Structures are given as structure tokens and as C-alpha cells.
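Enquirer: Need the 3D shape of this:
(one chain, ligands or ions: 1)
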Amino acid sequence: MKKLALITGATSGIGEATAKLFAKNNINLILCGRRKDRLNELEAQLNKLVSVKTLSFDVGNKKEVKENLNSLEDTWRNIDILVNNAGGAHGLDLFVDSDVNDWEQMIDYNVKGLLYVSKEIVPWMINRKKGQIINISSIAGKQTYGKGMVYCASKSGVEAISKGMRLELVPHGIRVCNIAPGAVETEFSIVRFKGDENKAKNIYKHFEPLVAQDIADSIFYCVNVPSHVQIADMTIFPAAQSDATTIHKN
Ligand code: 8X3
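Expert: A predicted model of the protein is given here:
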């Protein structure tokens, strides 16, 4: 029987690459994101391969999360794999210069959004006594760097949530995997720098960054290990990176 995965933040980057890879490998999909047009495009591409449902909502809005996930018919609630990927960084500034709206977005999406989505889906997994949860964290969740304090705090939150979920869900047959990427060239830095594409491009100059596909491949590896194996934590850097702020550039 085909597995079913729900992916948040499926409209771009790691979420989109994961959706495509899952579809190629016969995993049915519930794709969630804010941008309806992108969801529709992706659905049109992938429904040739697998069954696809799209839900357009904002993970930071608890009412929207509840309503959308509870609109799923019973068969779509048999979710085998939840990929909590939605989130991002807003701003790269000293705390004293940083914008309160940026903090709120990062905490609302990266922490509260992940919790809102999981709160609806985890009970369905508990009922089925199985499931896999992949939380997309960041090296920023393991190492705090200057000008990234609130982003790092939000991703430290993801790390704590992954550990807490594992403690509570392992007895229910649910495996929890935390994936912490380093520098991945996606829309991540464009969003962080509020649309400044040059500034974003500079981050990835003079070394070969990861691409979304690299993380999708890692996610796919984690969901395909035998059922007695649980990849608890995976940190993935480009070959040129050695910690959050150390990148060997040519
Ligand atoms: C993305 C990687 O290094 O900007 O989470 O924190 S980093």
C-alpha cells in the first residue's frame, strides 16, 4: 500500500523538492502552503504520479491550521509521514536593531506553527500506532550566532520539540527525526533579507552550498530506514562548512 505524507511549506525549497521526490517514489501527498497558485502547479505536476491533496493555509494561524487539517476526510487522515518544514528566517540584525515583527514571524511559524500542525496530526498517528515525524530544524538550533538570536532561539525550540516528541511518542510506535541543515541555497536568504536577491546570493558565493534536493534526499533516507531504526538527529553541511559560521571560501 502506498504511504501518505503531509508536507508543510511545500511550495518551494526543501518542501517542494521533498514533495517531488516522494511522488517519484509512490508516496501520496498532502501539500500545505500559503501560495495557492504554487500548490496548484505542483498538484498538476505530481498528480500524474500519485494522489495529491492541497491545503492552503498559514501555519502561524492556529484557527486556519485546525480548520484546514480537520477538513480532511478520514482516508486522508491516515498520514504515515509528517514533514514539518514550514518556517524561515526574517532579518539578520543585532538584537537592539531587530524588528519585533520579525521575531514574531519566526516564533509564530518556526515554533508555534510546527506545534499547531502536529497537535492535529499526532492524535491520528497515535490511533494508528505508527507514523514518522520529520522536523526541519537548522544548525542555528544547535549553535547560536551573532545577529541571529531570535532565529536561533526558534530553531533551538524545534530541537527541544523534537526531543520532547520522541520521549512522548516512541511508546506509540511513532519515530521522530530532527534534521538540521547548514547552508542550503533556497529562497531562505531572499526571505531573510526581505527580497534583496543580491544580498542573498552573496551568502552562497565562493563555495558550493547545499541545494534543496540534498535535504530532500536525506529526508527520504530517514523515512526509508527499516521499521526498527529511528534516525533521531541528522546535521547536514555543505562540504565547505564546519559549523554555523565557519565556511571555507575560495
Ligand atoms: C539555515 C542555516 O546558517 O542560516 O537555517 O542558520 S543558517
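Enquirer: drop to CA atoms for contacts and neighbour counts, all remaining ones
Expert: Fine.
Enquirer: shaky segments in the chain?
Expert: Applying pLDDT under 70 to the chain flags no residue at all.
Enquirer: quick check: longest helix of it.
Expert: helix 149-169 (DSSP state H).
Enquirer: Could you list the buried residues of the following helix or strand past that one?
Expert: Next helix or strand after helix 149-169 toward the C-terminus (DSSP states H and E): strand 174-181. Across strand 174-181, burial judged by 16 or more other C-alpha atoms under 10 Å covers Ile174, Arg175, Val176, Cys177, Asn178, Ile179, Ala180, Pro181.
Enquirer: and if you look at stretch 93-104?
Expert: Ser98, Asp102, Trp103.
Enquirer: hey, C-alpha coordinates of that stretch in PDB?
Expert: What follows is stretch 93-104, C-alpha atoms only, in PDB (Å, rounded to 0.1, in the frame of the first residue of the first chain):
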ATOM      1  CA  ASP A  93      20.400  42.100  12.800                       C
ATOM      2  CA  LEU A  94      21.700  42.900  16.200                       C
ATOM      3  CA  PHE A  95      19.000  42.400  18.800                       C
ATOM      4  CA  VAL A  96      18.900  46.100  19.500                       C
ATOM      5  CA  ASP A  97      18.300  46.900  15.800                       C
ATOM      6  CA  SER A  98      16.000  44.000  15.100                       C
ATOM      7  CA  ASP A  99      12.300  44.300  14.300                       C
ATOM      8  CA  VAL A 100       9.700  42.900  16.700                       C
ATOM      9  CA  ASN A 101       7.600  41.800  13.700                       C
ATOM     10  CA  ASP A 102      10.500  39.700  12.500                       C
ATOM     11  CA  TRP A 103      10.700  38.000  15.900                       C
ATOM     12  CA  GLU A 104       7.000  37.300  16.000                       C
END
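Enquirer: what about Gly131, how many neighbours?
Expert: 24 (other C-alpha atoms under 10 Å).
Enquirer: show me what contacts it?
Expert: Ile79, Asp80, Ile81, Leu82, Met125, Gly173, Ile174, Arg175 (C-alpha atoms under 8 Å, 6 or more residues apart in numbering).
Enquirer: What residues are bridge-paired with it?
Expert: Using DSSP bridges, the bridge partners assigned to Gly131 are Ile174.
Enquirer: How about the residues of this structure by the ligand?
Expert: Residues of the chain lying close to the ligand (C-alpha under 6 Å from any ligand atom) are Ser138, Ile139, Ala140, Gly182, Ala183, Ala244.
Enquirer: gap between the spatially most central residue of the chain and the ligand?
Expert: The chain has Asn85 as the residue nearest its centroid, 1.2 Å off, counting by C-alpha atoms, centre = their mean. Distance, Asn85 to the ligand, using C-alpha to the nearest ligand atom, to the nearest Å: 11 Å.
Enquirer: That residue and Ile7 touch, don't they?
Expert: Yes: look at Asn85 against Ile7 with C-alpha atoms under 8 Å: they come within range, at 6.8 Å.
Enquirer: Now do the shared contacts for these two.
Expert: Joint contacts of Asn85 and Ile7 (C-alpha under 8 Å, 6+ apart) are Gly15.
Enquirer: So Val158 is in contact with Val111, correct?
Expert: Yes: contact status for Val158 versus Val111: in contact at 6.3 Å, counting by C-alpha under 8 Å.
Enquirer: Pick out whichever of these two has more residues nearby.
Expert: Set side by side, Val158 and Val111 show more neighbours around Val158, with 26 against 23, by other C-alpha under 10 Å.
Enquirer: Show the contacting residues for the more buried one.
Expert: Asn110, Val111, Asn135, Ile136, Ser137, Gly141.
Enquirer: what about the strands in this structure?
Expert: 4-7, 28-33, 52-56, 81-84, 131-136, 174-181, 184-185, 210-211, 233-236, 241-243, 246-247 (DSSP state E).
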